[in-house]
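Engineer: Please find the sequence and the predicted model below.
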Amino acid sequence: MPMTPEMRRGIDAIRDYLYGGGYPDPLSNAEQLAFLFFFCLVEGIDADNVVQAEERGQPYTSLFAGDWTLRNPLNAPAKGVAAIPKDRFRWSVWARGMNGETLVRFVRDEVFPFFAEVTATVGAGFMAQARLAIDEPTVLTQVVGLINGLGLERADADTKGDLFEHVLRQIKQAGELGQFRTPRHIIRAIVAMVDPRIGETVYDPAAGTAGFLVAAYDHIRLANSSPAGVVTAEVDGKPLARGAGDRLSDRQWQHLRTATFFGNDVDPKMVSLATMNLFLRGLPDVRIHRRNVLTTTLDRAERAARHLPLDGFDAVLANPPFSGKVDRDRIVDDVKIGTTTATELLFLKYMMDSLKPGGRAGIVVPEGVLFGSTGAHKELRRLLLETCRLDAVLSLPGGVFQPYSGVKTSVLIFTKGARTERVLFLHADADGYKLDANHDTPIEADDLPGLVAAFQDRDEGWARWRARDEAAPWPEKWWFAEAEALRGADNNLSASRWRPQAHEQVEHRDPLELLDELKAIETEIAEEIDALMDRLREGAT
(Lines give C-alpha, C1' and ligand atoms only; values in the text may rest on other atoms or scores of the structure.)
Protein backbone atom coordinates (compact mmCIF):
# COMPACT_ATOMS: atom_id res chain seq x y z
CA MET A 1 0.00 0.00 0.00
CA PRO A 2 1.54 3.35 -1.02
CA MET A 3 1.69 6.34 1.29
CA THR A 4 -1.56 8.28 1.06
CA PRO A 5 -2.41 11.97 1.63
CA GLU A 6 -4.42 10.82 4.66
CA MET A 7 -1.28 9.28 6.16
CA ARG A 8 0.65 12.51 5.60
CA ARG A 9 -2.08 14.54 7.23
CA GLY A 10 -2.17 12.06 10.10
CA ILE A 11 1.57 12.46 10.74
CA ASP A 12 1.22 16.25 10.57
CA ALA A 13 -1.64 16.06 13.08
CA ILE A 14 0.59 14.12 15.49
CA ARG A 15 3.31 16.71 15.14
CA ASP A 16 0.85 19.54 15.77
CA TYR A 17 -0.59 17.72 18.79
CA LEU A 18 2.88 17.32 20.30
CA TYR A 19 3.60 21.00 19.82
CA GLY A 20 0.31 21.96 21.48
CA GLY A 21 0.84 19.37 24.20
CA GLY A 22 3.95 21.05 25.55
CA TYR A 23 6.65 19.51 23.35
CA PRO A 24 7.79 22.40 21.12
CA ASP A 25 11.25 21.19 20.04
CA PRO A 26 10.96 19.91 16.43
CA LEU A 27 14.16 17.83 16.47
CA SER A 28 13.25 16.09 19.73
CA ASN A 29 9.72 15.46 18.47
CA ALA A 30 11.01 14.03 15.19
CA GLU A 31 13.36 11.74 17.08
CA GLN A 32 10.64 10.55 19.47
CA LEU A 33 8.16 10.00 16.65
CA ALA A 34 10.86 8.12 14.77
CA PHE A 35 11.29 5.73 17.71
CA LEU A 36 7.53 5.17 18.03
CA PHE A 37 7.18 4.56 14.29
CA PHE A 38 10.09 2.15 14.48
CA PHE A 39 8.41 0.20 17.32
CA CYS A 40 5.23 0.07 15.26
CA LEU A 41 6.71 -0.87 11.90
CA VAL A 42 9.29 -3.41 13.07
CA GLU A 43 6.54 -5.90 13.92
CA GLY A 44 5.59 -6.17 10.24
CA ILE A 45 9.24 -6.41 9.19
CA ASP A 46 9.78 -9.26 11.62
CA ALA A 47 6.70 -11.09 10.30
CA ASP A 48 7.97 -10.70 6.71
CA ASN A 49 11.37 -12.05 7.75
CA VAL A 50 9.74 -15.11 9.28
CA VAL A 51 7.80 -15.84 6.07
CA GLN A 52 10.83 -15.29 3.82
CA ALA A 53 12.99 -17.56 5.95
CA GLU A 54 10.40 -20.33 5.75
CA GLU A 55 10.10 -19.95 1.97
CA ARG A 56 13.90 -20.16 1.54
CA GLY A 57 14.38 -22.88 4.13
CA GLN A 58 16.68 -20.63 6.16
CA PRO A 59 16.83 -20.30 9.95
CA TYR A 60 15.38 -17.16 11.51
CA THR A 61 14.44 -16.39 15.11
CA SER A 62 11.71 -13.83 15.59
CA LEU A 63 12.60 -10.71 17.58
CA PHE A 64 9.62 -11.53 19.77
CA ALA A 65 10.57 -15.13 20.64
CA GLY A 66 11.52 -15.98 24.23
CA ASP A 67 11.11 -14.20 27.55
CA TRP A 68 12.10 -10.77 28.85
CA THR A 69 13.25 -10.07 32.40
CA LEU A 70 11.33 -7.02 33.58
CA ARG A 71 13.32 -3.89 34.45
CA ASN A 72 10.57 -2.46 36.64
CA PRO A 73 8.54 -4.84 38.91
CA LEU A 74 5.57 -2.47 38.62
CA ASN A 75 5.19 -3.66 35.02
CA ALA A 76 4.63 -7.28 36.10
CA PRO A 77 1.21 -8.71 35.17
CA ALA A 78 0.98 -10.24 38.66
CA LYS A 79 2.86 -10.02 41.94
CA GLY A 80 6.07 -12.04 41.94
CA VAL A 81 6.29 -12.37 38.14
CA ALA A 82 9.80 -11.42 37.03
CA ALA A 83 9.60 -12.06 33.30
CA ILE A 84 7.10 -11.73 30.47
CA PRO A 85 6.98 -13.23 26.95
CA LYS A 86 8.76 -11.03 24.41
CA ASP A 87 5.62 -11.41 22.33
CA ARG A 88 4.16 -8.62 24.50
CA PHE A 89 6.56 -6.16 22.89
CA ARG A 90 4.65 -6.31 19.64
CA TRP A 91 3.09 -2.93 18.96
CA SER A 92 -0.25 -4.64 18.31
CA VAL A 93 -0.20 -5.88 21.92
CA TRP A 94 1.00 -3.04 24.17
CA ALA A 95 0.04 -0.03 22.02
CA ARG A 96 -3.56 -1.19 21.83
CA GLY A 97 -3.89 -2.46 25.38
CA MET A 98 -2.38 0.28 27.59
CA ASN A 99 -2.90 3.95 28.34
CA GLY A 100 -2.07 6.64 30.86
CA GLU A 101 0.65 6.17 33.45
CA THR A 102 0.74 2.41 32.82
CA LEU A 103 1.63 3.09 29.19
CA VAL A 104 4.35 5.61 30.07
CA ARG A 105 5.94 3.27 32.62
CA PHE A 106 5.92 0.27 30.27
CA VAL A 107 7.31 2.18 27.29
CA ARG A 108 9.94 3.99 29.35
CA ASP A 109 11.16 1.06 31.45
CA GLU A 110 10.58 -1.94 29.17
CA VAL A 111 9.96 -1.06 25.50
CA PHE A 112 12.97 1.23 25.07
CA PRO A 113 15.36 -1.18 26.85
CA PHE A 114 13.94 -4.13 24.90
CA PHE A 115 14.59 -2.53 21.52
CA ALA A 116 17.98 -1.25 22.69
CA GLU A 117 18.90 -4.90 23.34
CA VAL A 118 17.35 -6.10 20.07
CA THR A 119 19.32 -3.53 18.07
CA ALA A 120 22.58 -3.89 20.03
CA THR A 121 24.16 -5.68 17.08
CA VAL A 122 22.54 -3.44 14.47
CA GLY A 123 23.94 -0.07 13.42
CA ALA A 124 26.46 0.06 16.26
CA GLY A 125 23.67 -0.17 18.83
CA PHE A 126 21.77 2.85 17.55
CA MET A 127 19.22 2.76 20.39
CA ALA A 128 21.71 2.37 23.21
CA GLN A 129 21.16 5.92 24.48
CA ALA A 130 17.50 6.24 23.43
CA ARG A 131 15.07 7.43 26.07
CA LEU A 132 11.36 8.24 26.22
CA ALA A 133 10.87 12.00 26.29
CA ILE A 134 7.08 12.10 25.77
CA ASP A 135 6.38 11.20 29.38
CA GLU A 136 3.10 13.05 29.98
CA PRO A 137 0.52 10.20 30.18
CA THR A 138 -2.29 11.94 28.31
CA VAL A 139 -0.01 13.10 25.49
CA LEU A 140 1.69 9.72 24.99
CA THR A 141 -1.69 7.92 25.04
CA GLN A 142 -3.06 10.30 22.41
CA VAL A 143 0.06 10.06 20.19
CA VAL A 144 0.03 6.24 20.29
CA GLY A 145 -3.68 6.29 19.44
CA LEU A 146 -3.08 8.60 16.47
CA ILE A 147 -0.34 6.31 15.19
CA ASN A 148 -2.71 3.36 15.50
CA GLY A 149 -5.16 5.25 13.29
CA LEU A 150 -2.70 5.48 10.40
CA GLY A 151 -3.07 1.83 9.39
CA LEU A 152 0.66 1.26 9.13
CA GLU A 153 0.31 -2.51 9.33
CA ARG A 154 -0.71 -2.47 5.65
CA ALA A 155 2.42 -0.59 4.54
CA ASP A 156 5.18 -2.22 2.49
CA ALA A 157 8.90 -1.50 3.02
CA ASP A 158 8.97 1.48 0.64
CA THR A 159 5.87 3.00 2.22
CA LYS A 160 7.34 2.52 5.67
CA GLY A 161 10.41 4.38 4.49
CA ASP A 162 8.27 7.16 2.99
CA LEU A 163 6.41 7.55 6.26
CA PHE A 164 9.66 7.75 8.15
CA GLU A 165 11.01 10.30 5.66
CA HIS A 166 7.89 12.41 6.21
CA VAL A 167 8.64 12.45 9.92
CA LEU A 168 12.24 13.48 9.20
CA ARG A 169 11.00 16.18 6.83
CA GLN A 170 9.54 18.03 9.79
CA ILE A 171 13.08 18.78 10.98
CA LYS A 172 13.68 20.68 7.77
CA GLN A 173 10.37 22.49 7.88
CA ALA A 174 11.12 23.66 11.41
CA GLY A 175 14.51 24.99 10.33
CA GLU A 176 16.54 22.68 12.56
CA LEU A 177 19.74 20.93 11.44
CA GLY A 178 18.99 21.69 7.81
CA GLN A 179 22.48 20.61 6.77
CA PHE A 180 21.50 17.02 7.56
CA ARG A 181 18.63 16.75 5.10
CA THR A 182 19.17 17.26 1.40
CA PRO A 183 16.00 17.48 -0.74
CA ARG A 184 15.37 13.96 -1.96
CA HIS A 185 14.76 14.90 -5.59
CA ILE A 186 18.19 16.58 -5.66
CA ILE A 187 19.72 13.42 -4.17
CA ARG A 188 18.04 11.22 -6.79
CA ALA A 189 19.43 13.37 -9.62
CA ILE A 190 22.96 13.10 -8.20
CA VAL A 191 22.64 9.34 -7.71
CA ALA A 192 21.40 8.92 -11.28
CA MET A 193 24.55 10.66 -12.57
CA VAL A 194 26.98 8.71 -10.37
CA ASP A 195 25.08 5.48 -11.17
CA PRO A 196 26.09 3.10 -8.34
CA ARG A 197 25.79 -0.52 -9.43
CA ILE A 198 25.31 -3.92 -7.87
CA GLY A 199 28.60 -5.26 -6.51
CA GLU A 200 30.00 -1.80 -5.78
CA THR A 201 30.47 -0.01 -2.44
CA VAL A 202 28.69 3.27 -1.65
CA TYR A 203 29.84 5.70 1.05
CA ASP A 204 28.53 8.89 2.66
CA PRO A 205 30.93 10.33 5.26
CA ALA A 206 28.34 12.90 6.44
CA ALA A 207 25.30 10.65 6.24
CA GLY A 208 22.75 12.69 8.21
CA THR A 209 19.51 10.71 7.94
CA ALA A 210 20.96 8.44 5.19
CA GLY A 211 19.14 10.03 2.26
CA PHE A 212 21.96 9.34 -0.22
CA LEU A 213 22.33 5.71 0.86
CA VAL A 214 18.58 5.09 0.60
CA ALA A 215 18.49 6.67 -2.87
CA ALA A 216 21.45 4.55 -4.00
CA TYR A 217 19.65 1.43 -2.73
CA ASP A 218 16.50 2.39 -4.65
CA HIS A 219 18.57 3.16 -7.77
CA ILE A 220 20.28 -0.24 -7.75
CA ARG A 221 17.00 -2.08 -7.19
CA LEU A 222 15.32 -0.23 -10.06
CA ALA A 223 18.22 -0.96 -12.41
CA ASN A 224 17.84 -4.66 -11.62
CA SER A 225 14.09 -5.00 -11.98
CA SER A 226 11.95 -6.55 -14.70
CA PRO A 227 9.12 -4.45 -16.20
CA ALA A 228 6.71 -6.39 -14.00
CA GLY A 229 8.78 -5.48 -10.94
CA VAL A 230 8.51 -1.72 -11.47
CA VAL A 231 5.75 0.38 -9.92
CA THR A 232 5.16 4.11 -9.85
CA ALA A 233 4.36 5.86 -6.58
CA GLU A 234 3.75 9.50 -5.71
CA VAL A 235 6.51 10.93 -3.53
CA ASP A 236 6.54 14.61 -2.52
CA GLY A 237 3.89 15.35 -5.13
CA LYS A 238 5.83 13.79 -8.03
CA PRO A 239 5.67 10.32 -9.68
CA LEU A 240 8.60 8.08 -8.81
CA ALA A 241 9.44 4.71 -10.37
CA ARG A 242 10.50 2.00 -7.94
CA GLY A 243 11.83 -1.46 -8.60
CA ALA A 244 11.52 -4.70 -6.69
CA GLY A 245 15.02 -5.83 -7.68
CA ASP A 246 13.54 -9.12 -8.90
CA ARG A 247 16.45 -9.74 -11.27
CA LEU A 248 18.96 -9.87 -8.40
CA SER A 249 20.20 -13.27 -7.29
CA ASP A 250 20.19 -14.30 -3.63
CA ARG A 251 23.94 -13.72 -3.55
CA GLN A 252 23.55 -10.22 -4.99
CA TRP A 253 20.82 -9.40 -2.47
CA GLN A 254 23.12 -10.54 0.31
CA HIS A 255 25.90 -8.26 -0.96
CA LEU A 256 23.47 -5.37 -1.36
CA ARG A 257 22.24 -5.68 2.20
CA THR A 258 25.48 -6.41 3.99
CA ALA A 259 28.49 -5.17 1.99
CA THR A 260 27.38 -2.21 -0.13
CA PHE A 261 26.50 0.80 2.03
CA PHE A 262 28.72 2.64 4.52
CA GLY A 263 28.40 5.93 6.38
CA ASN A 264 29.44 8.17 9.26
CA ASP A 265 28.02 11.12 11.13
CA VAL A 266 29.23 13.15 14.09
CA ASP A 267 25.78 13.58 15.67
CA PRO A 268 24.51 10.57 17.68
CA LYS A 269 20.90 11.55 16.97
CA MET A 270 21.57 11.50 13.25
CA VAL A 271 23.26 8.10 13.60
CA SER A 272 20.10 6.76 15.26
CA LEU A 273 17.74 8.30 12.71
CA ALA A 274 19.84 7.14 9.77
CA THR A 275 20.04 3.59 11.09
CA MET A 276 16.29 3.42 11.70
CA ASN A 277 15.66 4.78 8.20
CA LEU A 278 17.85 2.05 6.69
CA PHE A 279 16.36 -0.65 8.95
CA LEU A 280 12.84 0.18 7.80
CA ARG A 281 13.99 0.06 4.17
CA GLY A 282 15.19 -3.51 4.64
CA LEU A 283 18.85 -2.71 5.39
CA PRO A 284 19.29 -3.67 9.06
CA ASP A 285 22.94 -4.66 8.63
CA VAL A 286 24.21 -1.27 7.40
CA ARG A 287 26.31 0.39 10.09
CA ILE A 288 26.37 4.17 10.34
CA HIS A 289 29.33 4.94 12.59
CA ARG A 290 29.59 7.93 14.85
CA ARG A 291 32.80 9.52 13.62
CA ASN A 292 34.23 12.87 12.54
CA VAL A 293 36.38 12.03 9.53
CA LEU A 294 38.14 15.41 9.70
CA THR A 295 39.57 14.79 13.17
CA THR A 296 40.05 11.01 13.23
CA THR A 297 41.76 8.58 10.92
CA LEU A 298 41.61 4.79 10.60
CA ASP A 299 44.59 2.65 9.71
CA ARG A 300 44.25 -0.48 7.59
CA ALA A 301 43.74 -2.77 10.59
CA GLU A 302 40.99 -0.53 11.99
CA ARG A 303 39.23 -0.42 8.63
CA ALA A 304 39.38 -4.20 8.45
CA ALA A 305 37.97 -4.49 11.97
CA ARG A 306 35.02 -2.31 10.90
CA HIS A 307 34.55 -4.35 7.70
CA LEU A 308 35.32 -1.29 5.57
CA PRO A 309 36.81 -1.58 2.07
CA LEU A 310 40.57 -1.42 2.43
CA ASP A 311 41.38 0.25 -0.89
CA GLY A 312 38.65 2.87 -1.15
CA PHE A 313 35.02 3.06 -2.25
CA ASP A 314 33.44 2.72 -5.68
CA ALA A 315 31.02 5.60 -5.13
CA VAL A 316 30.98 8.50 -2.68
CA LEU A 317 27.76 10.51 -2.37
CA ALA A 318 27.49 13.37 0.10
CA ASN A 319 26.28 16.80 1.05
CA PRO A 320 28.87 17.69 3.72
CA PRO A 321 28.31 20.58 6.16
CA PHE A 322 28.84 24.06 4.72
CA SER A 323 30.71 26.98 6.24
CA GLY A 324 31.75 25.14 9.39
CA LYS A 325 35.14 25.34 11.01
CA VAL A 326 37.35 22.78 12.75
CA ASP A 327 40.05 23.64 15.27
CA ARG A 328 43.28 23.63 13.31
CA ASP A 329 45.13 21.44 15.79
CA ARG A 330 42.41 18.74 15.57
CA ILE A 331 42.52 18.31 11.79
CA VAL A 332 44.22 15.06 10.80
CA ASP A 333 47.10 15.33 8.34
CA ASP A 334 45.30 13.22 5.72
CA VAL A 335 42.68 15.90 4.99
CA LYS A 336 44.74 19.08 5.39
CA ILE A 337 44.77 21.43 2.46
CA GLY A 338 46.92 24.48 3.07
CA THR A 339 46.01 26.18 6.34
CA THR A 340 42.26 26.15 5.83
CA THR A 341 39.84 25.11 8.57
CA ALA A 342 36.75 25.34 6.31
CA THR A 343 34.81 22.07 6.50
CA GLU A 344 33.59 22.18 2.90
CA LEU A 345 37.19 22.15 1.62
CA LEU A 346 38.42 19.56 4.10
CA PHE A 347 35.51 17.22 3.35
CA LEU A 348 36.07 17.49 -0.39
CA LYS A 349 39.76 16.60 0.07
CA TYR A 350 38.80 13.64 2.27
CA MET A 351 36.24 12.35 -0.22
CA MET A 352 38.65 12.58 -3.13
CA ASP A 353 41.07 10.45 -1.13
CA SER A 354 38.31 7.98 -0.13
CA LEU A 355 37.69 6.82 -3.70
CA LYS A 356 39.42 3.81 -5.20
CA PRO A 357 40.96 4.29 -8.66
CA GLY A 358 38.06 4.52 -11.09
CA GLY A 359 35.63 5.36 -8.27
CA ARG A 360 32.98 8.03 -8.84
CA ALA A 361 31.67 10.82 -6.64
CA GLY A 362 28.73 13.22 -6.49
CA ILE A 363 29.34 15.98 -3.93
CA VAL A 364 27.26 19.06 -3.09
CA VAL A 365 29.45 22.12 -2.47
CA PRO A 366 28.77 25.80 -1.76
CA GLU A 367 29.42 27.99 -4.77
CA GLY A 368 32.53 29.56 -3.25
CA VAL A 369 34.42 26.28 -3.62
CA LEU A 370 34.22 26.73 -7.40
CA PHE A 371 36.01 30.07 -7.64
CA GLY A 372 37.43 30.98 -4.20
CA SER A 373 40.79 32.74 -4.35
CA THR A 374 42.50 31.48 -1.21
CA GLY A 375 45.49 29.20 -1.55
CA ALA A 376 43.45 26.27 -0.23
CA HIS A 377 40.66 26.85 -2.75
CA LYS A 378 43.08 27.03 -5.67
CA GLU A 379 45.12 24.03 -4.56
CA LEU A 380 42.02 21.88 -4.03
CA ARG A 381 40.70 22.69 -7.51
CA ARG A 382 44.13 21.95 -8.98
CA LEU A 383 44.19 18.56 -7.24
CA LEU A 384 40.65 17.85 -8.40
CA LEU A 385 41.50 18.50 -12.04
CA GLU A 386 44.91 16.81 -11.98
CA THR A 387 44.14 13.65 -9.96
CA CYS A 388 40.51 13.17 -10.99
CA ARG A 389 38.45 13.49 -14.14
CA LEU A 390 35.92 16.18 -13.32
CA ASP A 391 33.02 14.96 -15.42
CA ALA A 392 30.46 17.64 -14.65
CA VAL A 393 29.50 20.62 -12.54
CA LEU A 394 25.75 20.88 -11.93
CA SER A 395 24.72 24.40 -10.90
CA LEU A 396 21.60 24.19 -8.70
CA PRO A 397 19.07 27.02 -8.43
CA GLY A 398 19.48 29.38 -5.52
CA GLY A 399 16.92 28.41 -2.88
CA VAL A 400 16.90 24.62 -3.23
CA PHE A 401 17.93 24.35 0.42
CA GLN A 402 15.19 26.62 1.71
CA PRO A 403 13.74 27.11 4.27
CA TYR A 404 16.89 26.68 6.31
CA SER A 405 19.57 28.01 3.99
CA GLY A 406 19.70 30.28 0.97
CA VAL A 407 23.28 29.35 0.08
CA LYS A 408 23.91 28.85 -3.65
CA THR A 409 25.25 25.38 -4.35
CA SER A 410 26.60 23.19 -7.13
CA VAL A 411 27.34 19.50 -7.49
CA LEU A 412 30.73 18.11 -8.50
CA ILE A 413 30.62 14.79 -10.40
CA PHE A 414 34.09 13.27 -10.80
CA THR A 415 36.03 10.04 -11.32
CA LYS A 416 39.23 9.19 -9.45
CA GLY A 417 42.52 8.56 -11.23
CA ALA A 418 42.25 10.28 -14.60
CA ARG A 419 43.33 13.80 -15.56
CA THR A 420 40.55 16.21 -16.55
CA GLU A 421 40.43 17.07 -20.26
CA ARG A 422 37.06 18.81 -20.41
CA VAL A 423 34.16 19.60 -18.06
CA LEU A 424 30.44 19.50 -18.77
CA PHE A 425 28.59 22.37 -17.10
CA LEU A 426 24.90 21.87 -16.35
CA HIS A 427 22.74 24.83 -15.28
CA ALA A 428 19.35 24.31 -13.59
CA ASP A 429 16.96 27.25 -13.32
CA ALA A 430 14.13 25.10 -11.93
CA ASP A 431 14.07 21.84 -9.98
CA GLY A 432 10.38 20.92 -10.04
CA TYR A 433 9.42 22.75 -6.85
CA LYS A 434 8.51 26.37 -6.25
CA LEU A 435 11.62 28.28 -5.18
CA ASP A 436 9.99 30.07 -2.28
CA ALA A 437 10.65 30.09 1.46
CA ASN A 438 9.36 26.54 1.91
CA HIS A 439 10.43 24.91 -1.39
CA ASP A 440 7.88 22.11 -1.15
CA THR A 441 5.17 22.99 -3.71
CA PRO A 442 5.44 20.87 -6.89
CA ILE A 443 5.52 22.77 -10.22
CA GLU A 444 5.89 21.67 -13.84
CA ALA A 445 9.16 23.47 -14.58
CA ASP A 446 12.01 21.04 -13.90
CA ASP A 447 15.40 21.14 -15.59
CA LEU A 448 16.88 18.20 -13.67
CA PRO A 449 15.62 15.28 -15.83
CA GLY A 450 16.93 16.93 -19.00
CA LEU A 451 20.28 17.76 -17.40
CA VAL A 452 20.70 14.22 -16.06
CA ALA A 453 19.99 12.93 -19.58
CA ALA A 454 22.55 15.39 -21.00
CA PHE A 455 25.12 14.08 -18.55
CA GLN A 456 24.39 10.47 -19.47
CA ASP A 457 24.77 11.35 -23.18
CA ARG A 458 27.78 13.62 -22.65
CA ASP A 459 29.94 12.00 -25.33
CA GLU A 460 27.29 12.74 -27.93
CA GLY A 461 26.89 16.20 -26.39
CA TRP A 462 30.62 16.85 -26.72
CA ALA A 463 30.48 16.06 -30.43
CA ARG A 464 27.52 18.40 -30.83
CA TRP A 465 29.28 21.13 -28.84
CA ARG A 466 32.40 20.94 -31.00
CA ALA A 467 30.32 21.14 -34.19
CA ARG A 468 28.28 24.17 -33.05
CA ASP A 469 28.19 27.52 -34.80
CA GLU A 470 29.97 29.75 -32.29
CA ALA A 471 28.31 32.84 -33.76
CA ALA A 472 24.81 31.48 -33.08
CA PRO A 473 23.03 31.44 -29.70
CA TRP A 474 23.51 28.15 -27.82
CA PRO A 475 20.02 26.80 -27.02
CA GLU A 476 20.86 24.31 -24.24
CA LYS A 477 21.27 24.60 -20.48
CA TRP A 478 24.54 22.69 -20.70
CA TRP A 479 27.92 23.50 -22.22
CA PHE A 480 31.56 22.45 -22.08
CA ALA A 481 34.88 24.02 -21.16
CA GLU A 482 38.25 22.48 -21.92
CA ALA A 483 40.82 21.94 -19.20
CA GLU A 484 43.35 24.24 -20.82
CA ALA A 485 40.94 27.16 -20.55
CA LEU A 486 40.08 26.24 -16.96
CA ARG A 487 43.72 26.15 -15.92
CA GLY A 488 44.26 29.58 -17.48
CA ALA A 489 41.55 30.97 -15.22
CA ASP A 490 42.75 29.62 -11.84
CA ASN A 491 40.61 26.52 -12.49
CA ASN A 492 37.45 28.55 -12.00
CA LEU A 493 34.59 26.04 -12.06
CA SER A 494 31.61 28.38 -11.91
CA ALA A 495 29.09 27.34 -14.57
CA SER A 496 28.19 30.96 -15.31
CA ARG A 497 31.86 31.79 -15.96
CA TRP A 498 31.87 29.44 -18.97
CA ARG A 499 28.36 30.06 -20.28
CA PRO A 500 28.57 30.46 -24.07
CA GLN A 501 27.77 33.86 -25.51
CA ALA A 502 26.86 34.45 -29.14
CA HIS A 503 28.91 37.17 -30.80
CA GLU A 504 25.89 39.34 -31.38
CA GLN A 505 24.78 39.06 -27.74
CA VAL A 506 25.64 41.68 -25.17
CA GLU A 507 27.44 39.75 -22.45
CA HIS A 508 25.33 40.76 -19.46
CA ARG A 509 25.18 38.08 -16.78
CA ASP A 510 22.11 37.28 -14.73
CA PRO A 511 21.98 39.71 -11.77
CA LEU A 512 20.96 36.86 -9.44
CA GLU A 513 24.06 34.90 -10.44
CA LEU A 514 26.22 37.95 -9.75
CA LEU A 515 24.61 38.41 -6.33
CA ASP A 516 25.15 34.72 -5.52
CA GLU A 517 28.83 35.07 -6.39
CA LEU A 518 29.12 38.29 -4.36
CA LYS A 519 27.64 36.50 -1.33
CA ALA A 520 30.11 33.65 -1.74
CA ILE A 521 33.00 36.10 -2.08
CA GLU A 522 31.84 37.96 1.04
CA THR A 523 31.81 34.67 2.97
CA GLU A 524 35.27 33.86 1.67
CA ILE A 525 36.61 37.28 2.75
CA ALA A 526 35.15 36.78 6.24
CA GLU A 527 36.82 33.36 6.45
CA GLU A 528 40.17 34.82 5.37
CA ILE A 529 39.89 37.56 8.01
CA ASP A 530 39.10 34.95 10.68
CA ALA A 531 42.08 32.85 9.59
CA LEU A 532 44.38 35.90 9.65
CA MET A 533 43.16 36.84 13.13
CA ASP A 534 43.81 33.28 14.32
CA ARG A 535 47.38 33.39 12.97
CA LEU A 536 48.00 36.77 14.60
CA ARG A 537 46.71 35.45 17.94
CA GLU A 538 48.94 32.38 17.62
CA GLY A 539 51.91 34.63 16.91
CA ALA A 540 51.11 36.82 19.92
CA THR A 541 51.23 33.84 22.23
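Structural biologist: That came through, no problem.

Engineer: Need the nearest residue in space to the residue sitting nearest the centre point of the chain, chain neighbours excluded.
Structural biologist: What sits nearest the mean C-alpha location of the chain, by CA atoms, centre = their mean, is G211, with 2.8 Å. Nearest residue to G211, sequence neighbours excluded (CB to CB, 6 or more residues apart in numbering): I187, at 5.1 Å. The way it works is simple: take the backbone N, C-alpha and C, and place the C-beta from them, glycine included.

Engineer: Okay, and that neighbour sits in which element?
Structural biologist: helix 184-194 (DSSP states H and E).

Engineer: Which SSE is immediately downstream of that helix?
Structural biologist: Next helix or strand after helix 184-194 toward the C-terminus (DSSP H and E): strand 202-204.

Engineer: Paired strands for that following strand, with orientation please.
Structural biologist: When pairing is defined by DSSP bridges, strand 202-204 lines up against strand 261-265 (parallel), strand 313-318 (parallel).

Engineer: rank those strands by mean pLDDT and give me the bottom one.
Structural biologist: Across the strands paired with strand 202-204, strand 261-265 has the smallest mean pLDDT, namely a mean of 94.

Engineer: Tell me the buried residues in that one?
Structural biologist: Buried residues in strand 261-265, counted by 16 or more other CB atoms under 10 Å: 261-265.

Engineer: Run through who's touching it.
Structural biologist: With CB atoms under 8 Å, 6 or more residues apart in numbering as the test, strand 261-265 has contacts from 180, 201-208, 210, 213, 216-217, 271, 274, 278, 283, 286-293, 308-309, 313.

Engineer: right, and the strands paired with strand 202-204 - which one's nearest G237?
Structural biologist: Closest approach to G237 among the strands paired with strand 202-204 is made by strand 313-318 (23.8 Å; CB to CB).

Engineer: how distant is that closest one from the center of its chain?
Structural biologist: Centroid separation between strand 313-318 and its chain, computed with CA atoms, centre = their mean, to the nearest Å, is 12 Å.

Engineer: Between strand 313-318 and the helix or strand following it, find me the angle.
Structural biologist: For strand 313-318, the following helix or strand on the C-terminal side (DSSP H and E) is helix 343-354. Put simply, helix 343-354 runs at 170 degrees to strand 313-318, going by axes from the mean of the first three to the mean of the last three CA atoms, to 10 degrees.

Engineer: ok, and what's touching helix 343-354?
Structural biologist: 203, 205-206, 293-294, 312-313, 316, 318, 320-326, 331, 334-337, 340, 361, 363, 365-366, 368-369, 376-377, 380, 383-384, 387-388, 412, 414, 416.

Engineer: buried subset of those?
Structural biologist: Buried members of these, counted by 16+ other CB under 10 Å: 203, 205-206, 293-294, 312-313, 316, 318, 320, 322, 326, 331, 335-337, 340, 361, 363, 365-366, 368-369, 376-377, 380, 383-384, 387-388, 412, 414, 416.

Engineer: tell me which element the nearest residue to V167 once chain neighbours are set aside falls in.
Structural biologist: Using CB to CB, 6+ apart and skipping the chain neighbours, the partner closest in space to V167 is L33 (5.0 Å). Element membership of L33, judged by DSSP H and E, is helix 26-56.

Engineer: from memory K160 sits against E153, does it?
Structural biologist: No - taking contacts as CB atoms under 8 Å, K160 lies outside contact range of E153: 10.4 Å.

Engineer: between these two, which one's more packed in?
Structural biologist: K160 (24 against 14; other CB atoms under 10 Å).

Engineer: Which helix or strand contains that one?
Structural biologist: helix 157-173.
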